[in-house]
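Asks: Next input, structure requested:
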Amino acid sequence: MFQSKRFNQLTNSIQLHHSYMRNKDLTDNVHCVTVYNFEVLRNIVYCQLPVLLSRNNIRLVIIDTITAVIQDAFKDFRKRATEIFSLGAKLKELSDKFNTAIICVNQVTSDALSKEGFYEPLGCDDKECWNYAQYYKQMLLLGDGMKIPALGLSWSSVINTRISLSRPLRTLKETICTMAKDPRVITVIMAPHAPKRAGQYYIDNDGFHGVVCNSKNNI
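Replies: The predicted structure follows:
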């Protein structure tokens, strides 16, 4: 469900801190649709969204979250995989055609692999591959064990970029700054235009804020 109260709080904060935005109604540029099942989502993506994008200068589309409606709709894994591939291809097509960023929020779950399996060699000589130390830091930042997309490999293979938002379960002196309350971690897991990196941020009444660390040991 769209958090309209929180959204209004953010728009008020933006107008308070940026004088040139005070005469604008920021809510006029946001279109929200509530989706309760996969059939409605499919109809929006294939029918309504293309029309909306063609008639308006829309720069960002967010689907939050895509996990629940797909998991509830299909018990047959093959059929679910087919629909996921089809939906992902359509979203990529719309993104390329209308030059619009599309963000799909997907829940994650812990991998069933053991911790011993977590430290297995990657078998890759590329210097860009994560080494053991980086994997160890990622485990501490993202939680106990690796996180995988709740929709499985089908969904992970249709996206271009994967970014993880998490709350660290432990404190790393060399990576976690104390200047922010309840620090969180944003991690670029996969991206065609950016290396694998992690940074810290925090959220308050005014929104999202990055944390600048002086440490040289950040991931």
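Asks: quick one: the closest residue to Ile159 other than its chain neighbours and Leu16, what's the gap?
Replies: Of all residues beyond its chain neighbours, the one nearest Ile159 is Gly88 (6.9 Å), with distances taken as C-beta to C-beta, 6 or more residues apart in numbering. The way it works is simple: take the backbone N, C-alpha and C, and place the C-beta from them, glycine included. As judged by C-beta to C-beta, to the nearest Å, Gly88 and Leu16 stand 39 Å apart.
Asks: Counting neighbours, go ahead and name the busier of the two.
Replies: Neighbours per residue (other C-beta atoms under 10 Å) separate Gly88 from Leu16, with Gly88 holding more: 19 against 11.
Asks: next SSE after the helix or strand harbouring that one?
Replies: Assigning secondary structure by DSSP states H and E places Gly88 in helix 77-98. Next along the chain after helix 77-98, taking DSSP H and E as the criterion, comes strand 101-105.
Asks: Compute the inter-axis angle for that next one and helix 77-98.
Replies: Inter-element angle recorded for strand 101-105 and helix 77-98: 150 degrees (by axes from the mean of the first three to the mean of the last three C-alpha atoms, to 10 degrees).
Asks: quick one: stretch 193-203 to chain centroid distance?
Replies: For stretch 193-203, the gap between its own C-alpha mean and the chain's C-alpha mean amounts to 12 Å (C-alpha atoms, centre = their mean, to the nearest Å).
Asks: pretty sure the residue nearest to Ile159 is in contact with Trp155, am I right?
Replies: Yes. In terms of C-beta atoms under 8 Å, Gly88 counts as a neighbour of Trp155; the distance is 7.3 Å.
Asks: about what we covered before: per-residue confidence at the residue nearest to Ile159?
Replies: At Gly88 the predicted local confidence, pLDDT, stands at 92.
Asks: Check the one 4 residues further on too.
Replies: Looking at Lys92, its pLDDT reads 95.
Asks: for the protein, what are the low-confidence residue spans?
Replies: When the per-residue scores of the chain are filtered using pLDDT under 70, the ranges that remain are 1, 110-147, 169-181, 213-219.
Asks: Need the outlier residue of it, farthest from its centre.
Replies: Among the residues of the chain, the one whose C-alpha is farthest from the average of all C-alpha positions is Asn23, by C-alpha atoms, centre = their mean at 31.4 Å.
Asks: May I have the secondary structure class of it?
Replies: Reducing the assignment at Asn23 to three states with DSSP: H, G, I helix; E, B strand; the rest coil gives coil.
Asks: Tell me the bridge partners for Ile62.
Replies: Partner residues in beta bridges with Ile62: Ile103, with DSSP bridges as the criterion.
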